[in-house]
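1. one predicted model, sequence on top.
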Amino acid sequence: MGLEKSFVMVVCILLGISERSMGWKHNYGEALSKSILFFEGQRSGKLPPTQRMTWRKDSAFDDGFQLYDDRFFDKVDLVGGYYDAGDNVKFNFPMAFSTTMLAWSVIEFGKFMGPELNNALDAIGWATDYFLKATNTPGFVFAQVGDPHGDHNCWERPEDMDTPRTAFFVSAENPGSEVSAEIAAALAASSIALRKFSRNIAYSERLLHRAKTVFEFADKYRGSYNDSLGPYVCPFYCNYGGYQDELVWGAAWLLKATKLPYYWNYIKQNIHNVKNFGEFGWDSKDAGINVLVSKLLVNNPAAKPFTLNADKFVCAVLPESPLVSVKYSRGGLLFKTSGSNMQHATAYSFLFLVYAGYLNKANKKIDCGGGVLASSWRLKNLARRQVDYILGSNPLGMSYMVGYGQKFPKRIHHRASSLPSIDQHPSKIDCKGGSTYYETQNPNPNLLLGAVVGGPNINDEYVDSRADFVHSEPTTYINAPLVGVLAYFKSHPS
Ligand SMILES: *[C@@H]1O[C@H](CO)[C@@H](O)[C@H](O)[C@H]1NC(C)=O
């Protein structure tokens, strides 16, 4: 271990990172509390009396009344769920992925959360209550609420919205296996988290039952929601990577939840379709599948193909690996192409921590070639480096989490945060009435505590501009994996 540590130090010195800026001084507990609180700021629907982020109010309580296709329903109850990011659309595909990651965070690291565990379970429940509504009619799955074109054309508080709240669904004739299977994964993972830590076993069973029927629908009617809903889901959450990964991911979560051979056979028969071993995020579940299945089958020879691919993932991410395919800024932040870079730093760190647990159990190291042997210590160290960077150990000395540390983003691209709250300004601000608040150089009036933004550019620079949404917008899928990572480091601070 001493040797590896000095090797890492050498790499860090080569990268120009001093030991001081590497941190080991962050308050991970505070960051954990805030990372969960963020989800309250994204809540849609009628807020409960326990709402702690009180500048947000009830919104979108007619969701489900305006249907894109009214051949099958008059209206449905689709109140609730989360706004995706700095806009007010409910995109169920990434929302489901964020829910799966919140649930996985609790399953792996809930035991380290202390009093935050209940808040994390509430954050999951806010999503699953909504997904039960979105999947309430057999043969249909609601994929999205809100016309993104109308929404993006306005800068409005969710409480004031008058843009089309169009509800879009997939069906047997217009399938959407990616969104349906990801919702099945979210329901199955949430059922495990709740079974493990909450007293509401009946609710957990209800989630699992629904996960099974939604998965069956996703698998039986195969296709991408691109085809029927293209103009509304693309380019926002277009399914670029195909839906095969979501089907196997859904089956893997159902296997973990049920242990039924049916799902294991399904995974074995379909894993050849999952080839992007180095990808993990709202669109590609590939690396997550390999890590999850490896961990399910520790020391079982059947795990071999999954473990080999999870090892390849690690070797594609570690900076000292000859096979590295991601980039790092001089300050040490992981970079991949595509917007909202911080999503990669948090999701990859999460997988690294989970896989480090696997390496410990299996008592192994990964041989990346060129003399690079990756141990569980090294994987945790990389995850910690990413988290410390996010919390302020970086060349700007800037925290990328709103409300954490002395210096953090003040002009995030977020409608509710940047417009005055209903308490401060009770009268309506209409579509274009928000423009002055969008354009001002003033800081946002409402702190969206815990929100982590897209982050700096690859030169470790950050301009803190509302218009620069690639860098200044928070999303649910940046925060969701971070919840688990922070819980781990809260209880393993050094
Ligand atoms: C969805 O549409 C995008 C953009 O047109 C395309 O690149 C992608 O391959 C499509 N995905 C599927 C699964 O058809």
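-> All right, it came through fine.
2. could you count how many residues lie near residue 73?
-> Per other CB atoms under 10 Å, the neighbour tally for residue 73 reads 14. Glycine gets a C-beta too; all of them are placed from N, C-alpha and C.
3. quick one, what contacts the residue nearest to it when sequence neighbours are not counted?
-> Leaving aside its sequence neighbours, residue 73 sits nearest to residue 67 (CB to CB, 6 or more residues apart in numbering; 6.0 Å). Neighbour list for residue 67: 73, 75, 76, 166, 167, 169 [criterion: CB atoms under 8 Å, 6 or more residues apart in numbering].
4. recalculate using a threshold of 10 Å.
-> 73, 74, 75, 76, 78, 142, 166, 167, 168, 169 (CB atoms under 10 Å, 6 or more residues apart in numbering).
5. pull the most distant pair out of those residues.
-> 74 and 168 (16.1 Å; CB to CB).
6. mind checking which of these two has more residues around it?
-> residue 168 (23 against 7).
7. that one should be in a helix, yeah?
-> No - secondary structure assignment (DSSP: H, G, I helix; E, B strand; the rest coil) places residue 168 in strand, not in a helix.
8. that one and residue 100, how far apart?
-> Residue 168 sits 21 Å away from residue 100, going by CB to CB, to the nearest Å.
9. for the residue in the stretch 251-400 of the chain that the ligand sits nearest to, which non-adjacent residue is closest in space?
-> The ligand sits closest to residue 283 of the stretch 251-400 of the chain, with a gap of 9.6 Å, by CB to the nearest ligand atom. Leaving out its chain neighbours, the residue that sits closest to residue 283 by CB to CB, 6+ apart is residue 241, at 4.6 Å.
10. report the contact partners of the one you found.
-> Applying CB under 10 Å, 6+ apart, the residues near residue 241 are 178, 224, 274, 276, 279, 281, 282, 283, 284, 285, 286.
11. so where do the helices sit in the stretch 51-200 of the chain?
-> Using DSSP state H, counting those that start in this stretch, the helices found in the stretch 51-200 of the chain span residues 92-109, 116-134, 148-152, 177-197.
12. which residues are contacting the third one?
-> Spelled out, that is helix 148-152. 83-84, 86-89, 91, 146, 158, 161-166, 231-237, 415, 431.
13. now that helix: buried residues?
-> Of the residues in helix 148-152, 148, 150, 151 count as buried by neighbour count, 16 or more other CB atoms under 10 Å.
14. follow-up on the earlier one: now tabulate the helices of the stretch 51-200 of the chain in JSON lines and tack on mean pLDDT and distance to the ligand.
-> JSON lines is the format used below for the helices of the stretch 51-200 of the chain (pLDDT from 0 to 100; distance: least, CB to the nearest ligand atom, whole Å):
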{"stretch": "helix 92-109", "mean pLDDT": "98", "distance to the ligand": "12"}
{"stretch": "helix 116-134", "mean pLDDT": "98", "distance to the ligand": "21"}
{"stretch": "helix 148-152", "mean pLDDT": "97", "distance to the ligand": "15"}
{"stretch": "helix 177-197", "mean pLDDT": "98", "distance to the ligand": "7"}
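15. right, and the ones you listed - which one's nearest residue 31?
-> In terms of CB to CB, the element of the helices of the stretch 51-200 of the chain nearest to residue 31 is helix 116-134, at 10.6 Å.
16. where does the chain have low pLDDT?
-> Where the chain drops to pLDDT under 70, the residues are 1-24.
17. please list the residues of it that sit near the ligand.
-> Residues of the chain found near the ligand (CB under 6 Å from any ligand atom) are 224, 226, 234, 238, 239, 240, 242, 243.
18. now do the SS call for residue 367.
-> strand.
19. may I have the beta-bridge partners of it?
-> residue 373 (DSSP bridges).
20. which residues in the protein form strands?
-> Ranges of strands within the chain are 90-91, 140-145, 167-171, 327-328, 334-335, 366-369, 372-374, based on DSSP state E.
21. out of those, deepest packed?
-> Ranked by mean neighbour count, the strands of the chain are led by strand 90-91 with a mean of 28 (mean count of other CB atoms under 10 Å).
22. elements contacting that strand?
-> Under the contact criterion of 3 or more CB pairs under 10 Å, 6 or more residues apart in numbering; DSSP states H and E, strand 90-91 touches strand 140-145.
23. distance of the residue nearest to residue 73 from the ligand?
-> Separation of residue 67 from the ligand (CB to the nearest ligand atom, to the nearest Å): 23 Å.
24. how near is that residue to residue 78?
-> 10 Å.
25. likewise for residue 151?
-> Between residue 151 and residue 78 the computed distance is 15 Å (CB to CB).
26. and if you look at residue 392?
-> Distance, residue 392 to residue 78, by CB to CB: 39 Å.
27. more crowded one of these two?
-> residue 78 (27 against 22).
28. check contacts around the more buried one.
-> Listed by CB under 10 Å, 6+ apart, the contact set of residue 78 reads 44-45, 60, 62-67, 90, 92, 130, 133-134, 136, 142, 144-145, 165, 167, 169.
29. one more time with 7 Å, if that's ok
-> Contact analysis of residue 78 by CB atoms under 7 Å, 6 or more residues apart in numbering lists 63, 64, 133, 134, 142, 145, 167.
30. so can I have a markdown table of the residues you listed showing distance to residue 374?
-> Compiled in a markdown table, the contacts of residue 78 are given as follows (distance: CB to CB, whole Å):
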| residue | distance to residue 374 |
| --- | --- |
| 63 | 46 |
| 64 | 48 |
| 133 | 43 |
| 134 | 40 |
| 142 | 42 |
| 145 | 43 |
| 167 | 46 |
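31. closest to the ligand among those?
-> So of these, ranked by how close each gets to the ligand (CB to the nearest ligand atom), first place is residue 142, at 19.3 Å.
32. how about that closest one, what does it touch?
-> 78, 92, 134, 167, 169.
33. ok, now with 8 Å
-> Taking CB under 8 Å, 6+ apart, we find residue 142 in contact with 64, 76, 78, 92, 133, 134, 135, 167, 168, 169.
34. and of the residues you listed, the nearest to residue 258?
-> Scanning the contacts of residue 142 for proximity to residue 258, where the rule is CB to CB, the winner is residue 135, at 17.8 Å.
35. what's the neighbour count on the closest one?
-> 22.
36. show me the contacts for it.
-> Contact partners of residue 135, counting by CB under 8 Å, 6+ apart, are 141, 142, 183, 187, 210, 213, 214.
37. who wins on neighbours among those residues?
-> Highest neighbour count within the contacts of residue 135: residue 183, with 35 neighbours (other CB under 10 Å).
38. wait, that residue touches residue 96, no?
-> Yes - when contacts are counted by CB atoms under 8 Å, residue 183 is listed as touching residue 96 (4.5 Å).
39. what touches both of these two?
-> residue 131.
40. now the buried residues of helix 148-152 as CSV including distance to residue 488?
-> Listed next are those as CSV, based on distance: CB to CB, whole Å:
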residue, distance to residue 488
148, 35
150, 41
151, 36
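41. ok, which of the strands of the chain comes nearest residue 202?
-> Here strand 140-145 is closest among these (CB to CB), at 23.1 Å.
42. between the closest one and helix 92-109, how many degrees?
-> Angle of strand 140-145 versus helix 92-109, following axes from the mean of the first three to the mean of the last three CA atoms, to 10 degrees, is 100 degrees.
43. how far away from the center of its chain is strand 140-145?
-> 19 Å (CA atoms, centre = their mean, to the nearest Å).
44. all numbers from here: first residue = 42
-> Happy to do that; since the first residue is 42 now, the last one works out to strand 181-186.
45. partner strands of that strand, parallel or antiparallel?
-> Here, using DSSP bridges, strand 181-186 pairs with strand 131-132 (antiparallel), strand 208-212 (antiparallel).
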